[in-house]
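Novice: sharing a sequence plus its predicted fold:
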Amino acid sequence: MKLRIKYLKLGNLKFIGHLDVMRYFQKTIRRAGLKVSYSKGYSPHQIISFAAPLAMCITSDGEYFDGEFDEISTSTEMTEALNTFGVPELHVSECVLLPDDAKNAMSVVAASDYRICFYALSEDKSDQAQHILDKLKAFYEQEEIIITKKTKKSEKEENIKPGILDIEIRDNSIYMMLSTGSSYNLKPELVMEALYQYAGIPYNFFDFHIHRIETYMEDENGGLMPLYKAGRNFG
Amino acid sequence: MRKLALSDEILMSVEKPARYIGGEYNSIMKKKEEIAVRFCMCFPDVYEIGMSHLGIQILYDMFNRREDTWCERVYSPWPDLDTIMREKNIPLFALESQEPVKDFDFLGITLQYEMCYTNILQVLDLAHIPMKSEERKKGEPIVIGGGPCAYNPEPIADFFDIFYIGEGETVYAILLELYKEYKHSDMSRREFLIKASNIPGLYVPSLYDVCYNADGTIADFGPKYSDVPEKILKQTVVDMTSVSYPEKPIVPYMKVTQDRVVLEIMRGCIRGCRFCQAGMIYRPARPKDVSILKQYAENMLAASGQEEITFSSLSSSDYPSLPELTDCLIEKMNNEHVNISLPSLRIDAFSLDVMSKIQDIKKNSLTFAPEAGTQRLRNVINKGLTKENIMDGSLKAFLGGWNKVKLYFMMGLPTETYEDIEGIASLSEEITELYFANIPKEKRDGRVMVTASASYFVPKPFTPFQWAPMIEPSEFIKRAYYVKDKFREAKNHKSLKFQYHEADITILEGLLARGDRKLCDVIYDVYRSGQIYDAWTEYFHKENWENALKAHGIDIGFYTYRERSVDEKLPWDFIDIGVTKEFMKREWERAKSEQITPNCSQKCSGCGAAKFGGGVCFEAKN
C-alpha cells in the first residue's frame, strides 16, 4: 500500500540538508514501529521517495514523501505515531492512501507556493524592503524577466517570467507561486535576486526569510492541487 | 524554539551547518534554573568524529540521569567556522543550550589520540577560557581530561585542572558533590583542587612538582603538599553488568562516522599484546552479561530507529557468549531489517559462518592482524596469531567464496629486522598462492586481492614496550620502500597491494605519547602558530612543530629514538594501573628473548590487575 505523507520543516532544522531529512524519516518510521516495506537483497532499504527537495535555510509547511507499507492502520494513528517519535520541527500533518496507479511524489510536482518576509533589521533595511515591495508590480508587469545564469564556463541569459505563475503582496510579505519539478524548476531566491536587481538594490539573501507554503501537482482538469489531494484519509 | 548561537548568515557560509545546531533526537534539554551543575563534554575533533565516540555517550547519559546536573556537548569547530568565530569574537557554545562554554561549571575533554592536543587549545581559546590552569579563577569552568591519553597527561598538564584516570563511571558523583560545596561557599579554587586530588583516580597536575637531571630525564616527581597523594589509582568498574548504559542514544541528523547502535560487550582484553596500551590499561577483561546485552540491543534499536548495530570491545572474539548474541541479532536482522556490522573477528569456522549470513561476501574483505611478518617477531610482540591460523582461516574463507583479504602490520617494532619485514611480502604472496592452488579456475569469481598495510609503531606508556626505541621516520620510509619493492617483484603482484602510513604525523604522536611536562610549552607555541587539526593530513603542517621544538631546544630523539633504561623514572610512573611495573619489566625481557606469555584465560601471569577484584581474574579462580 502506498502512502503519501506531508510534513513541515521548521525552525533550526532549516539547516539540515535534504539527505538528512530522508535519514531522519527512515529512523522515525522505525521508532514509530510502522510497517514500511523493504527492498530485497543483502542491504534492504525502505521503499520511500521524497518530493521536491528544499534548499537549506528555507522553512516549509508543505513537504512530502511517499512510502510503500506492508501494513497500515489509520491516517490519524500513523500521523500521531510519527509525531510522537519525531521532533516538532519536522511535524507530520497529513497521511493519505494513494491509488495503486499513483505516480510518485517526485515526478508529479508541478508548482510551489512561497511566502517571503523581510526581517526588520534596521530602519535603513525597512526602507529598502518597502522600496522593493513598491517595485514588485512593475517588476512583474515586464514582458520578460531576464536573469543571467553564471556557470563555470559561460554566462547564460534566461527569461524566468514563465516560471512565475503568480506573485503578489499581502501583509507586507511577497507571496509567489513558482514552477517546481522536473519540467521547469524556478527557485524563489532567483526571483528575489531579479527583483533586487530591478529595484536597484544590492542583493542580500539574509534580508528576508523564505517559507514554502505548499507543493502542488496537476489535477485532472489541468489545474493545481496540493500533493496530498491525490490520496484519501483511511481507517 | 532554541535560539542558535550563530546567525543564519554564518551558518549558511560554513560547511555542514548541522554540526552546530544541536537538537538531535534523544539529546537532553533541561531548565538551567533547576540545575546545580552544568557539565560540557568535549571531543576535540569535528562533530562527525566526536558524535561517534561511545565514551561520551556513556558519560552524557550518566550525568543527565542526575537531576541536579545538565550535561551538554561541544566539538571542535571546523577551520571554516574557527576563522569566523575569531574574527567576530563569538565565544564557543554548547550544542544543547547554545550558551557559552565559559559559563559552565565543568568542561570535560576526552583524550582519545595525541594528535588532538592542539584542538584542546583551540576549544579553550575559542571558549574564552584561559588556556593554562594557573590563570583560571573561581567562576571559570573546571577543565577536566580523561580517556586513554590521560594515562600520560604530562605533555598537556598545564592546560588541565584535573585529569580523571580510568573509567568515568566510578567517582564523578563524589567530584560533583565536592564541586557544589565549593561553588556555594568561599572555598578557593586551590582548596577545591586539593580536596579533589584526594578523590581516588583524580590527578591535579598543578599540585605536583617535577625536577630533571642534567641529561633531561626525570630526577624527582611528587606532590607539593603533604595532603596530596603521591600515587593515583586508575578507576575500574568492577561490576560491568549493573553499570548504567545509554539505552537512548542520540541520533544525529547528519551522517556521522559511526552511524549505528554501539553495544559495548566487554571492557578490557585477555590477550596481552605487548604493543597495546588498551590491553593493559583496561585490565582486567570484564565481559557483560549476555541477557542484559540482548535487552540493551532491543531497547537501543527501538529508541534510536537505527538500522545497524555493532559491537564494541577490544577483542570481540574473546567475548564468551558471542555465538548466543550474534544468533539473537541475526534473528532480529531477518525479522526487523537490522544490519549487523561486525568488528574484526578472529577468522575461524564460527566467524565465517556468521559473516556469510550477514554480509555480501563478494563485496566484503576478510581482515587479519598478524602485526608482524615472521613468527619470531610475532612472538616478540606476543601476538598469539600463527601463520597456520592465517593460512587456515584464509583457505576456509576462499572456499566459502571470499576473495579479498586485508592484512594489518606494524613496522618499526622492537628487534625488527629486514627479514621480518620481508615476511610481510612473503606471507601476503603465500595467501595468494593458497588461493590459486585451492580454487579451481572455473570457480574463481573476480581477482583474488591481498592488501597489506603497515603502520608505524609507536611505543606507548603502560606497555612492555614503553622503554623501546621508535625507529626514525627516514628508516620507516626506507623499510616501506623495501617491502613495496618485494611486492612489485612478487609473482602474483597483480593480486597484491601494499600501503603504509604517514610518517611525519606518527613521529609526533610518538613524541607526545611518551613526553613530559617540558612539551606543554611546545604544544602551546605550535597552537599559537596557527596549528589545529593535526590528525587531518590536509591541516597538518610539520614546520609548525619543527619550529616550536627548535625554539624550546627540544630534541625529538630524546623522547622517541632513545631506548630507556628500566631504572629511569618515567613521566607516568605516578599512576597505578593495577598492572605492576615489575610485570612490564618481565614482559619486556620475555619480548627480547622471543618468549610468548599465555593469555588471561589460559593462565594468570600475575600482572597485578587481580587487585581490582573482578572480571577474568576473579572468574578464573572460581
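Specialist: Perfect, thanks for sending it. Residues are numbered from 1 along each chain as shown, chains lettered A, B, ... in the order given.
Novice: which residue, other than its chain neighbours, is closest to the closest residue to chain A within the stretch 201-350 of chain B?
Specialist: Closest residue of the stretch 201-350 of chain B to chain A, C-beta to the nearest C-beta: B:Gly305 (3.2 Å). Just so you know, the C-beta spots here come from the backbone N, C-alpha and C atoms, and that holds for glycine as well. Counting by C-beta to C-beta, 6 or more residues apart in numbering or on different chains, B:Gly305 lies nearest to A:Lys27, which is 3.2 Å off, once chain neighbours are set aside.
Novice: tell me the secondary structure for that neighbour?
Specialist: Counting by DSSP: H, G, I helix; E, B strand; the rest coil, the backbone at A:Lys27 sits in helix.
Novice: I'd say it and B:Val251 touch.
Specialist: Yes. Using C-beta atoms under 8 Å, A:Lys27 and B:Val251 qualify as a contacting pair, with a distance of 5.9 Å.
Novice: can you list residues touching both of these two?
Specialist: The overlap between the contact sets of A:Lys27 and B:Val251 (C-beta atoms under 8 Å, 6 or more residues apart in numbering or on different chains) consists of B:Tyr25, B:Ser304, B:Gly305, B:Gln306.
Novice: in helices only, show me these.
Specialist: Per DSSP state H, helices hold the following members of those: B:Ser304.
Novice: of A:Lys27 and B:Val251, who's got more company?
Specialist: Ranked by neighbour count (other C-beta atoms under 10 Å in any protein chain shown), A:Lys27 and B:Val251 place B:Val251 first, with 23 against 20.
Novice: and the gap between the more buried one and A:Arg30?
Specialist: For B:Val251, the distance to A:Arg30 (C-beta to C-beta, to the nearest Å) stands at 10 Å.
Novice: where do the helices sit along chain A?
Specialist: According to DSSP H, chain A carries its helices in the segments A:18-31, A:75-84, A:105-108, A:123-141, A:188-199.
Novice: what sits up against the third one?
Specialist: Applying C-beta under 8 Å, 6+ apart, the contact partners of helix A:105-108 are A:4, A:49-52, A:64-66, A:181-182, A:217-218, A:227, A:230.
Novice: quick one: distance of it to the chain centre.
Specialist: Averaging C-alpha coordinates over helix A:105-108 and over its chain gives two centres that are 12 Å apart (C-alpha atoms, centre = their mean, to the nearest Å).
Novice: what residues sit buried inside that helix?
Specialist: A:Ala105, A:Met106, A:Val108 (16 or more other C-beta atoms under 10 Å in any protein chain shown).
Novice: what does the longest one give?
Specialist: Neighbour-count burial for helix A:123-141, counted by 16+ other C-beta under 10 Å, picks out A:Gln128, A:Ala129, A:Ile132, A:Leu133, A:Lys135, A:Leu136, A:Phe139, A:Tyr140.
Novice: can you pull the alpha-carbon coordinates of it into PDB?
Specialist: Taking Å, rounded to 0.1, in the frame of the first residue of the first chain, the C-alpha atoms of helix A:123-141 are listed here in PDB:
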ATOM      1  CA  GLU A 123      15.400  51.500   9.700                       C
ATOM      2  CA  ASP A 124      17.500  51.500   6.600                       C
ATOM      3  CA  LYS A 125      16.700  47.900   5.800                       C
ATOM      4  CA  SER A 126      13.000  48.600   6.400                       C
ATOM      5  CA  ASP A 127      13.100  51.500   3.900                       C
ATOM      6  CA  GLN A 128      14.800  49.200   1.400                       C
ATOM      7  CA  ALA A 129      12.300  46.500   1.900                       C
ATOM      8  CA  GLN A 130       9.500  49.000   1.300                       C
ATOM      9  CA  HIS A 131      11.200  50.100  -1.900                       C
ATOM     10  CA  ILE A 132      11.400  46.600  -3.100                       C
ATOM     11  CA  LEU A 133       7.700  45.900  -2.300                       C
ATOM     12  CA  ASP A 134       6.800  49.100  -4.200                       C
ATOM     13  CA  LYS A 135       8.600  47.900  -7.300                       C
ATOM     14  CA  LEU A 136       7.000  44.500  -7.300                       C
ATOM     15  CA  LYS A 137       4.000  45.300  -9.500                       C
ATOM     16  CA  ALA A 138       6.100  47.000 -12.200                       C
ATOM     17  CA  PHE A 139       8.600  44.100 -11.900                       C
ATOM     18  CA  TYR A 140       6.000  41.500 -12.700                       C
ATOM     19  CA  GLU A 141       4.400  43.500 -15.400                       C
END
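Novice: what average pLDDT does that helix get?
Specialist: The predicted model assigns helix A:123-141 a mean pLDDT of 93.
Novice: want to throw the buried residues of helix A:123-141 into JSON lines with distance to B:Phe311?
Specialist: As requested, these are exported to JSON lines (distance: C-beta to C-beta, whole Å):
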{"residue": "A:Gln128", "distance to B:Phe311": "59"}
{"residue": "A:Ala129", "distance to B:Phe311": "57"}
{"residue": "A:Ile132", "distance to B:Phe311": "59"}
{"residue": "A:Leu133", "distance to B:Phe311": "60"}
{"residue": "A:Lys135", "distance to B:Phe311": "63"}
{"residue": "A:Leu136", "distance to B:Phe311": "61"}
{"residue": "A:Phe139", "distance to B:Phe311": "61"}
{"residue": "A:Tyr140", "distance to B:Phe311": "62"}
